[in-house]
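Asks: When you get a sec, could you give me coordinates for this:
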Amino acid sequence: GRWVDRAGVERLLRYCARPPLAQEHLQQLDAGHLVYHSSKPGPDGPSALGLTLLALINRIAAPLPPPRIHRHRY
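Replies: Prediction:
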């Protein structure tokens, strides 16, 4: 058989399977509002981002291509 870098494959899979937002950085304010505390400040200074639940879903889904559309165009 071929030599397989199991540690490298595991790192790659963990990287690909990571969530778009770290759950431990999310804080729920009330039933419809969340705050995301970033470890790095943004370009305008603040390191916290207030989101509604719908805004959070929109940010998570933004990189996904529409149905039946290829992600890469040549």
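Asks: Provide the backbone phi and psi angles at Gln28.
Replies: When read as degrees, to the nearest 10, the backbone of Gln28 gives phi -90, psi 120.
Asks: quick one, what contacts the closest residue to it other than its chain neighbours?
Replies: Distance criterion CB to CB, 6 or more residues apart in numbering; nearest residue to Gln28, sequence neighbours excluded, is Leu34 at 5.5 Å. Yep, even glycine has a C-beta here, placed from its N, CA and C like the rest. Taking CB atoms under 8 Å, 6 or more residues apart in numbering as the contact definition, Leu34 lies against 26-28, 50-53, 56.
Asks: Which strand or helix spans Leu34?
Replies: For Leu34, the host element (DSSP states H and E) is strand 33-37.
Asks: Just the CA coordinates for that strand, please, in PDB.
Replies: Output in PDB follows, covering the C-alpha atoms of strand 33-37 (Å, rounded to 0.1, in the frame of the first residue of the first chain):
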ATOM      1  CA  HIS A  33     -30.600  38.600  19.200                       C
ATOM      2  CA  LEU A  34     -27.000  37.300  19.500                       C
ATOM      3  CA  VAL A  35     -23.600  38.900  20.000                       C
ATOM      4  CA  TYR A  36     -20.500  37.400  18.300                       C
ATOM      5  CA  HIS A  37     -17.300  38.200  20.200                       C
END
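Asks: Perfect, I'm done here.
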